[in-house]
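Visitor: Take this sequence and fold it.
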Amino acid sequence: MGLHDGRVAIVTGAAGGIGREHALEFARQGARVVVNDVGPAQDVVDEIVADGGEAVANNDDISDWDGAGRLIATALDTFGELHVLVNNAGILRDKMFVNMDIDMWDAVIRVHLRGTFAPTKHAVAYWRERHKAGEAVSHPRVINTSSPSGLYGNVGQSNYGAAKAAIASFTVILADELARMGITVNAIAPSALTQMTQGLETYVARMQEIKERTGFDAGSPANIAPLVVWLASAEAADITGRVFNVKGGAISVAETWVAGPGVEKEARWDPEELGSVIPELVAKARPNSDGAGKPRG
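Guide: Numbers count the residues shown, from 1 in each chain. As a prediction, the model looks like this:
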């Protein structure tokens with residue numbers, strides 16, 4: 001018995017890397033899987049089928065409204081149901097902001113942010129209709145993909161980080177909006193060695209050092225899938241609106257923005273007063289996080 005026996009899951013961007021590992025683990029846990037990617041999704045389907053599972057490929061562009069609709073229809077037409085949507089697809093167009101052009105910005109925002117919105121909108125529309133008809137789907141789940149770059153920042157990724165920060169906020173808001181229908185919405189901020197992280201030399205070197213020292217492949221994208229598969233299961237019914245950091249064998253809850261040190265008076269501030277107020281508040285505040293989510297300094 002698997003966590004997802006009888007359930008149907010869609011994973012976007014699943015031809016390789018983290019998405020591929022999600023698809024494989026869902027299949028191992030008994031799910032019938034729609035493997036979406038503009039790349040060779042059929043290869044992953046063949047791997048699942050060879051291992052005794054059920055899967056179908058979909059090559060639609062999830063950032064295209066009609067393409068996202070066809071993706072959801074693929075699950076319904078093939079398997080007759082949809083329980084889980086994992087929004088994983090993404091691209092990189094890294095560049096220092098002063099050298100970034102509008103096409104680099106638009107491409108990343110489109111794939112990550114619109115590519116999360118569009119499939120989710122179509123999936124929720126289906127679940128909402130079922131809910132209104134009194135035939136609610138059992139434990140519907142949305143799992144989004146944010147990033148440490150979006151939560152904590154990373155030089156050279158203003159486009160990617162902006163999109164991933166927006167996805168984190170989208171997750172929190174959507175969880176509140178959809179709770180009445182029993183739909184949970186969570187996100188992960190994963191770190192793993194994939195095609196998208198090949199240029200991060202310091203991170204690659206650190207993962208290699210851990211592997212040589214301990215034998216544990218901490219950088220493997222396979223380490224990310226267990227959390228996603230569990231969050232998508234019936235066991236996670238009480239978990240929603242959360243973003244989780246996951247890297248190697250480490251899992252932590254990313255805490256949202258909080259109101260730090262403050263001051264208030266019952267009148268409008270004069271700009272000349274703030275020179276003695278704002279620096280003091282900043283000095284008391286928690287420093288911004290580094291890329292690992294720890295306070296700088």
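
Visitor: Could I get the full set of strands for the stretch 151-297 of the chain?
Guide: 184-191, 243-247, 250-254 (DSSP state E, counting those that start in this stretch).

Visitor: Surely residue 246 and residue 218 touch.
Guide: No. Residue 246 lies out of contact with residue 218 (CB atoms under 8 Å); the separation is 11.3 Å. The C-beta positions use only the backbone N, C-alpha and C, and glycine is treated the same way.

Visitor: Please identify the most buried of the strands of the stretch 151-297 of the chain.
Guide: strand 184-191 (a mean of 25; mean count of other CB atoms under 10 Å).

Visitor: the inter-axis angle of it versus strand 243-247?
Guide: Here strand 184-191 runs at an angle of 30 degrees relative to strand 243-247 (axes from the mean of the first three to the mean of the last three CA atoms, to 10 degrees).

Visitor: can you pull the alpha-carbon coordinates of the longest helix along the chain into PDB?
Guide: In the chain, taking DSSP state H as the definition, the longest helix is helix 158-178. Only the C-alpha atoms of helix 158-178 are listed here, as PDB (Å, rounded to 0.1, in the frame of the first residue of the first chain):
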ATOM      1  CA  SER A 158      16.400  39.300  -9.500                       C
ATOM      2  CA  ASN A 159      14.000  37.900 -12.100                       C
ATOM      3  CA  TYR A 160      14.000  34.300 -10.700                       C
ATOM      4  CA  GLY A 161      13.900  35.500  -7.100                       C
ATOM      5  CA  ALA A 162      11.000  37.900  -7.800                       C
ATOM      6  CA  ALA A 163       9.000  35.100  -9.400                       C
ATOM      7  CA  LYS A 164       9.800  32.600  -6.600                       C
ATOM      8  CA  ALA A 165       8.900  35.100  -3.900                       C
ATOM      9  CA  ALA A 166       5.600  35.800  -5.600                       C
ATOM     10  CA  ILE A 167       4.900  32.000  -5.700                       C
ATOM     11  CA  ALA A 168       5.500  31.800  -1.900                       C
ATOM     12  CA  SER A 169       3.000  34.600  -1.300                       C
ATOM     13  CA  PHE A 170       0.600  33.100  -3.800                       C
ATOM     14  CA  THR A 171       0.800  29.900  -1.800                       C
ATOM     15  CA  VAL A 172      -0.100  31.600   1.500                       C
ATOM     16  CA  ILE A 173      -3.000  33.500   0.100                       C
ATOM     17  CA  LEU A 174      -4.400  30.700  -1.900                       C
ATOM     18  CA  ALA A 175      -4.300  28.300   1.100                       C
ATOM     19  CA  ASP A 176      -6.700  30.700   2.900                       C
ATOM     20  CA  GLU A 177      -9.000  31.200  -0.100                       C
ATOM     21  CA  LEU A 178      -9.400  27.500  -0.800                       C
END
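
Visitor: need the contact list for residue 190.
Guide: 18, 145, 147, 221, 224, 246-247 (CB atoms under 8 Å, 6 or more residues apart in numbering).

Visitor: From residue 156, how far off is it?
Guide: 19 Å (CB to CB, to the nearest Å).

Visitor: what's the neighbour count on residue 86?
Guide: 31 (other CB atoms under 10 Å).

Visitor: any idea how far it lies from residue 204?
Guide: Taking CB to CB, one finds residue 86 at 25 Å from residue 204.

Visitor: Low-confidence ranges, the stretch 151-297 of the chain, go.
Guide: 194-201 (pLDDT under 70).

Visitor: what's the closest non-adjacent residue to residue 296?
Guide: Residue nearest to residue 296 in three dimensions, not counting chain neighbours: residue 287, with 4.6 Å by CB to CB, 6 or more residues apart in numbering.

Visitor: For the one you found, grab the count of nearby residues.
Guide: 10.

Visitor: Likewise for the one 5 residues further on?
Guide: Residue crowding around residue 292 was assessed by other CB under 10 Å; the count is 12.

Visitor: Hmm, residue 153 and it touching each other?
Guide: No. Residue 292 lies out of contact with residue 153 (CB under 8 Å); the separation is 11.3 Å.
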